[in-house]
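Visitor: From the sequence below, what's the structure:
(2 chains)
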Amino acid sequence: MASNDAQDPRLPRISSAIRVIPDFPKPGIMFQDITTLLLDTKAFKDTIDLFVERYRDQNISVVAGVEARGFIFGPPIALAIGAKFVPMRKPNKLPGEVISEEYSLEYGTDKMEMHVGAVQAGDRALVIDDLIATGGTLCAAIKLLERVGAQVVECACVIELPELKGREKLTGKPLFVLVKGA
Amino acid sequence: MFAEENGLKGDPRLQAISQAVRVVPNFPKQGIMFQDITTLLLDHKAFKDTVDIFVDRYRDMHISVVAGVEARGFLFGPSIALGIGAKFVPLRKPRKLPGEVISEKYSLEYGNDCLELHVGAVQPGERAIVIDDLVATGGTLSAAIRLLERSGAEVVECACVIGVPDVKGHCRLIGKPLYVLVEPRQVDKCSRCEVDSSFG
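Guide: Below you'll find the model as predicted:
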């Protein structure tokens, strides 16, 4: 969680700026919609600042963002901390040579891809997404980065759904989140 | 209009930005010289300069909405929005946005596609810019403009990192001013590449 002691005063506004949409994409799911956070300029800026403050002195050279909502938070963080931004994409989107990692969905599998050569051995990396649910996507991103010899320092998300225990799927990597959703 | 013709003539940042883009031949199909901006994102200075050029242009234009086209518009739009104090509004492919949306169809070479915008994200009277990585035919940008105008916003300009030089044609097609940093390159002079079409 953000802040070890008292809650950071920026967090309540960030939390209430997130809109919950019931039954999307299917009945029973309470979807955490971050688009409303992006409409609140102070809350969005505070979100980025909280991540930047945490990582700016950790010699991070790569921020990897998971398509597509990871593309919204990752680049501003990368720019502020002086790191490269690397998009982790669905299949057949990246135009150059890629490496792929398959991961499980509730029904079936999907694949995540990263450009060959974007990340070097020894790079210190963060993985960014808007939300962690089961952890499958983040786990695939970690594996891709480790396959090319990067060190994944931490995964960072705006929202965690703790009941889904995604934190346990991260092969021991730490997870940092700003808010927890039901 | 190109940045070079509009106040940034000889700006060394533009050459570095151009050279940071990788050209991938025959993607997604034969004959297309794909302009890959992922290499620009690996060059921190060039990426920062890209964002700074747009922020410098728009910060005093009272823009309250930056609309970014999924997915590569998401790579540039939010940083620009944060830099100028505007909201960021994602324009997405169908069924990605969870709330109530308005949709706009547009033509592809073969068939149609559709862009969506959340109802209520944009208010009447807001001044908006549309961001994408590249403008080719202008079909996507035209759909984006229509969505914003249907919400009552005034689209002030469309901004892209890369655009073809047929500027007059594009302005006519889109109906709005278009601001572009660099032209597409035909050969791979990517500064990060040693071997054609790979990172070397």
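
Visitor: Okay, and the beta partners of A:Val86?
Guide: A:Ala64 (DSSP bridges).

Visitor: so who does it touch?
Guide: A:Val62, A:Val63, A:Ala64, A:Gly65, A:Met114, A:His115, A:Ala118, A:Val119, A:Ala125, B:Thr38, B:Leu41, B:Leu42 (CB atoms under 8 Å, 6 or more residues apart in numbering or on different chains). The way it works is simple: take the backbone N, C-alpha and C, and place the C-beta from them, glycine included.

Visitor: What confidence value was assigned to it?
Guide: On pLDDT, A:Val86 comes in at 98.

Visitor: Report the rounded mean pLDDT for stretch A:94-111.
Guide: 94.

Visitor: any idea how far that stretch is from the chain center?
Guide: 16 Å (CA atoms, centre = their mean, to the nearest Å).

Visitor: again, but for stretch A:138-148
Guide: 13 Å.

Visitor: Tally up the residues packed near the closest residue in space to A:Arg167 that isn't next to it in sequence, please.
Guide: Closest residue in space to A:Arg167, ignoring its immediate chain neighbours: A:Leu175 at 5.0 Å, by CB to CB, 6 or more residues apart in numbering or on different chains. A:Leu175: 19 surrounding residues under other CB atoms under 10 Å in any protein chain shown.

Visitor: And A:Leu175, how far from B:Glu154?
Guide: Relative to B:Glu154, A:Leu175 is positioned 42 Å away (CB to CB, to the nearest Å).

Visitor: And for B:Pro94?
Guide: 26 Å.

Visitor: helix/strand/coil for the residue lying farthest from the centre of chain A?
Guide: Farthest-out residue of chain A from its mean C-alpha position, per CA atoms, centre = their mean: A:Pro27, at 24.9 Å. Under DSSP: H, G, I helix; E, B strand; the rest coil, A:Pro27 falls in the coil class.

Visitor: same for the helix or strand hosting B:Ser79, what does it pack against?
Guide: Assigned by DSSP states H and E, B:Ser79 belongs to helix B:73-84. For helix B:73-84, the helices and strands in contact under the criterion 3 or more CB pairs under 8 Å, 6 or more residues apart in numbering or on different chains; DSSP states H and E are helix A:41-55, helix A:70-81, helix B:44-58, strand B:65-69, strand B:87-91, strand B:127-135.

Visitor: Find the residue closest to residue 37 in space, skipping its chain neighbours.
Guide: This is for chain A. A:Ala17 (4.3 Å).

Visitor: Please refer instead to chain B.
Guide: Nearest one to B:Ile37, counting by CB to CB, 6+ apart, is B:Asp133 at 4.9 Å.
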